[in-house]
Structures are given as structure tokens and as C-alpha cells.
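Undergrad: Pasting the sequence and the predicted coordinates here, then a few questions.
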Amino acid sequence: MKKFTLFLCGVICACVVYAQNPVGNIPKIKTPFQAVKVLKHNPNVSEEAREQTASPEGMHLRKAVKQKAPLTFVTDQPEGELKSYKRSGWSYIEDWDGIYRTQQSGVAKVVFAENDEVYLQNAIAYINSGKWVKGTLGEDKKTITIAPGEVLEHTSVYMYDEAKDDYLQYDGDLKLAMMKVTKGEDFITFTEDPETPITYTIDGDSIVLNNTGVDEEVLGAVYASFTGGAEKINGLWASYADCETKYNLFTEKLIEVPIDVSLEYYTLASKDIYNDPPTYETSFVLMGMKDNDVYLTSFSNTLPNAVIKGTRNGNTIEFPSKQYIGDAYGYICYLMTSSYKLVPNDWGSFDQEHTFTDKFIFNYDVATNTLTPATAQTAMLVNANDSYPYAFNTYNEPVIKFYVDAPATPADPEIMEVTDFYDVEGDWCVSLMINTISTEGDVLNKDKLFYCVYVNDNLYTFTNEKYGFGEDMTLIPYNFADSENGFIMPTYFGINVYVQEKTLTNVGVQAIYKGGDEEHASNVAWWGNTDAIKGIRNNMNTRLTNRKYNLQGQSVNNDYKGVVIMNNRKYLHR
């Protein structure tokens, strides 16, 4: 008899579950399958997914990216009148430890199109795939009806086949369905109601989901269209459901940089308080000034086009808190400012507890064109709401300094691990860390940073014939990514380079910087010989003990609420 273990490799959680005010832990549901890995599907494979390539649950994920099944949902925003709403209500989410009921938050987008067609994006609160489902506007223009079975997203699962001793990939769909709720003393189940349509009522600037309640009926995601041995999961609940959902019209506008403001490069250095002694994480930003107005952009990797506005008052510059900066992962995001303190926690580390403030104040040195915090232990947050700390990016005691293009020698790179990719002969995964600072600690312009790889003592050329980059490449731009075949892919921790050579005696990497019209190179970082490489699984989590990440692979601090990955385990941090 075949034994199967299920791994979910679909889209589904583009953002971590919000569990700020949970209504208690409901005992784990009793179903035949338990999803143990939630990853984004192709073509936008998440950093977390890419980090799984050397593990069974990764199951040739780099190569599986190419396996695209026909999609039946709407991926691009339909034509029509777009409206954004703040969503509220309740959600059920199944996690490792059971099922939780939690409050909905974030953004919902609705397009009112011709012929009374209506499209809802992210119809389930925490399945933030960005896809649209189609509905129909009633004759009274006050009702939206969606047929049961509308496809939310294509997804894949991996099931372990004991007879073949391998993980097999199965493709299918997540569909939308009303579901009946059944509760017992120690369990809760959700059963598909395949005939009931999904309806919403439009009430002025609000849209309300009809006929749902926490103990009655919910709008859920259901597995569908699986074949070839995975049919048994069709019709089962896919871990996410909503009820008592309400959309309220959202009208805040984004800040834009005026066309007569010239933006220039600055560096932003943020204190990493989890290192002892603290270090600074650095990046490039763009800032411009006109009269007393100050505009800052490109400071967030979550929202790279976000703009915030400040005011210069003599030798100080102030940025107000609660500035709307865009939508990310289904959340309405704000620039929030805070003061913080460090509090010991049960994990043997400490939590960074934030208290929101009205503004962030910099001291401004005109002579050096440098902004430094006026007060210690203050921070700027790219936050998922304007009510409580839930940050995608945290900038502790940031220092902003005018950038001058100058010659520099890049700091030495690192080779973090080398593995025989899923034991495939001649397919080596080299995990690199290219530092973006100089030997003097200055920030380097990533557009002028390159690296080269050495294989078996020789400078290596990635030939177009073997790798398909469009040209032979020896000098690789820091920002280069092979989105077509995945041979060079950025990860949260660095860069994965897949070397196609049958024999690998040693491997090296060298950084090259072309700033200030000069070229300077780092030392070459080397990694052992074949015996040292083959079979090694030097998991990077052992190098980053007690560092915490969300499901997107983004580093988070201790005030983060939701699912946290630490030391290769998941926790629900409330």
C-alpha cells in the first residue's frame, strides 16, 4: 500500500498570518492531510522556496519552476473602475499547531467592469496571490454574485510515494466555495457547500459578505482538479477561510515627488540590534529637497517606489508618522515612527518593543549632507497598518548620508555552502554572499558591483551554450538573475549559483567594484575540494542561530506578529 505525505507548494501565503488578537487556539483539525510547507508558486518563486532546494520538500524546485500548467484565473487587472477597500472580519487559518481564528486586515481591490461584471482581488484574506475572481453585479446594483468553484490560483503539492521512495509533484487548483462549519469539543471541520453561490451586498461605500458567521458558514479555499493519484485531496479545505467580511472604501493617496525636485543618491545605515556589538545594515536611497520640503524614496525593498515627505527646519529634518506608502502582500502599509526598548523574551533573546510616535527627527549637518537621529533608540517602520507594530522593514536609528562615487575595494565575499544539488551528478549549488560594503565600511553602488567564479582553480565562464544567458559571461553583475532557468538566483541570504560540471575540485568567488572610474577586486574566497563539498549540508540556519524570518524569507524582529521561522522551525508569535 502506498503511503503519501503532503507538501503544499502553492501560492498561497504571500503574507504572514496576523494573530494580534487571536480568539484562542482551536484544536488541530482531524483531516487525512496536513500541509507542512507553504511556498509561492511560479513564476515568482519566493526566497524561502529557493532556500529549500537542497531538502526533500524543495524537490527540484528550481527545475519545477518550468512546469507551468494552464491557468484559468485572471492574473492582470481587468479594465474598469478600480476601487480599494480596507477589509475587516474574521479568518480561520490552519497552521502547524492547529486552527486559529484571527482578524482580517489589509486591502481588498474591486474592479467594476462593463456588462455588470465585477472582479475581486484576493477574495480570501490570507491567500494574497494577487489574482482576480469574476462576479456579476445584480440588477439593483447592490448585489455581487460569484459562482461557486471560481478558481483562486493554480497550486502544486508534493506527496511522498513510499513505493517509488520519492516526492512526486501534482498540479491542481484552489477554488472558492462556501463551507459549512462543524464544531466539537476537540475539533472543527469545514465541509464544502458546492451549490451555494457567494454573494456580497453593496451598502454605500461598503461591501459586505453575506450569509457567513464564525460558527455557521464561511467562504473557504478548496483543493480541486488534482489527478494522477492526488484525487483524494479534491474537495478538502485548503487551510484558509473567511467570515463576516466587510470592505470599507479606502481613499488615502500616495505621496509623489514633484517633477521639479531632483533626487540624488544617499546611503541609509540602519542599526542591527541583534548583533553584539551592533552592526549597521546599509543600502542606497534617493532623496531630494526643495525649499523646506524633503522627499525620500527607494528605502524599502518591500515597497521600492514608496515616497515619504519631511520638513526641514534649520538644522533638523522631521518626517511625520502615519504616511501611507502603498500596498504590499495584501496589506495597507504606512511609514510609522517609534521609540523602542529591548525586553528579554522566553527564547533566550530579547524583543524590540515599539511605541509609536508622531514623527522622526533627524539632526541635519549641512556641511556633510548627513542626517543622524536626534534621539537614541528610535526607529522608522514600513508597517502593515497604522495601529500596531507589524513591520516589513525596520530602520533602527537610521543614518542617511550623501553618496559620493569614489574608488573602493569591495569586502571579501563568502561561500556559505556548496552542495551536490539534490544528489544530481554534475549539478552543484554554490551559495554565495557578495558583501555590498567596501573594506573601509562604505556602501557600494550595486550597479557597479560584479563578481566572478573560479572552478577547479580556473576563472569560470558561464557559456551561452550551457547556461543560456544570451552571451558568455565571466563577469557577473551583482543584480543579475537568471529568471528563465534559475542557474543564478538571488535569495534572502545571498546568491545561489548552479555550476554544471561533473567534477568540482574547488570553487572560488571574487568581488569586483568599478566605482570612481577605477576597478578594484577583493581577495578570492575559496571552498575546499570534492571530498569537502560532496554531501555537505552546512545549513545556513546554524550560522544565523536565533535569527527570525517570515514566510517570505524577510528578516523580522521580535515584535513581529504571525508565523516566524527560527532555527528551521515555525512558531506563531503573538
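TA: Cool, got the structure. Numbers count the residues shown, from 1 in each chain.

Undergrad: Show me the strands in the stretch 401-550 of the chain, by range?
TA: Ranges of strands within the stretch 401-550 of the chain are 414-420, 428-433, 449-455, 458-459, 476-477, 488-490, 495-499, 507-513, 520-521, 525-527, 548-549, based on DSSP state E, counting those that start in this stretch.

Undergrad: Now the second one: average pLDDT?
TA: What it means is strand 428-433. Mean pLDDT, strand 428-433: 91.

Undergrad: In its sheet, which strands sit next to the helix or strand where Thr372 lies, and in what direction?
TA: Element membership for Thr372, per DSSP states H and E: strand 370-373. According to DSSP bridges, strand 370-373 forms sheet pairs with strand 359-365 (antiparallel), strand 399-402 (antiparallel).

Undergrad: Please save the CA atoms from that strand in PDB.
TA: Extracted as PDB, the C-alpha positions of strand 370-373 are listed here (Å, rounded to 0.1, in the frame of the first residue of the first chain):
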ATOM      1  CA  THR A 370      24.200  63.900   6.700                       C
ATOM      2  CA  LEU A 371      21.100  63.100   8.700                       C
ATOM      3  CA  THR A 372      21.500  61.500  12.100                       C
ATOM      4  CA  PRO A 373      18.800  60.600  14.700                       C
END
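
Undergrad: Make TSV from the strands of the stretch 401-550 of the chain and add mean neighbour count to it.
TA: (Glycine included, C-beta is placed from N, CA and C.) As requested, those are arranged in TSV below (neighbours: other CB atoms under 10 Å):
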stretch	mean neighbour count
strand 414-420	20
strand 428-433	22
strand 449-455	20
strand 458-459	10
strand 476-477	18
strand 488-490	19
strand 495-499	22
strand 507-513	23
strand 520-521	15
strand 525-527	18
strand 548-549	21
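
Undergrad: okay if I get those strands as TSV plus distance to Phe392?
TA: Formatted as TSV, these follow (distance: least, CB to CB, whole Å):
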stretch	distance to Phe392
strand 414-420	24
strand 428-433	22
strand 449-455	25
strand 458-459	39
strand 476-477	26
strand 488-490	18
strand 495-499	22
strand 507-513	28
strand 520-521	34
strand 525-527	31
strand 548-549	12
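
Undergrad: ok, back up a step: out of the strands paired with strand 370-373, nearest to Pro278?
TA: Closest to Pro278 of the strands paired with strand 370-373 is strand 399-402 (CB to CB; 12.5 Å).

Undergrad: can you tell me the average pLDDT over that closest one?
TA: Over the span of strand 399-402, the pLDDT mean works out to 95.

Undergrad: could you turn it into PDB, dropping everything but the C-alphas?
TA: Output of strand 399-402 as PDB, limited to C-alpha atoms (Å, rounded to 0.1, in the frame of the first residue of the first chain):
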ATOM      1  CA  VAL A 399      21.800  57.500   9.400                       C
ATOM      2  CA  ILE A 400      21.300  59.000   5.900                       C
ATOM      3  CA  LYS A 401      24.500  60.300   4.200                       C
ATOM      4  CA  PHE A 402      25.100  61.800   0.800                       C
END
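
Undergrad: rewinding a little: could the strands paired with strand 370-373 go into CSV alongside distance to Ser431?
TA: Listed next are those as CSV, based on distance: least, CB to CB, whole Å:
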stretch, distance to Ser431
strand 359-365, 36
strand 399-402, 30
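
Undergrad: for Val507, what are its contacts?
TA: Applying CB atoms under 8 Å, 6 or more residues apart in numbering to Val507 gives the contacts Ile415, Val418, Trp428, Val430, Val453, Tyr454, Val455, Val499, Trp526, Trp527, Ile533.

Undergrad: cool, and Pro477?
TA: Asp447, Leu449, Phe450 are the contacts of Pro477 under CB under 8 Å, 6+ apart.

Undergrad: Any idea what it is bridged to?
TA: Applying DSSP bridges, one finds that Pro477 bridges with Phe450.

Undergrad: Could you report the pLDDT at it?
TA: In this prediction, Pro477 carries a pLDDT score of 95.

Undergrad: Now do Phe450 against Phe462, distance only.
TA: Using CB to CB, to the nearest Å, we find Phe450 at a distance of 13 Å from Phe462.

Undergrad: Find residues that contact each of these two.
TA: Between them, Phe450 and Phe462 share these contacting residues under CB under 8 Å, 6+ apart: Ile476.

Undergrad: Out of the helices and strands in this protein, which is least certain?
TA: helix 61-64 (a mean of 30; mean pLDDT, DSSP states H and E).

Undergrad: Show me where the chain has its helices.
TA: Using DSSP state H, the helices of the chain run over 47-50, 61-64, 464-467, 530-533.
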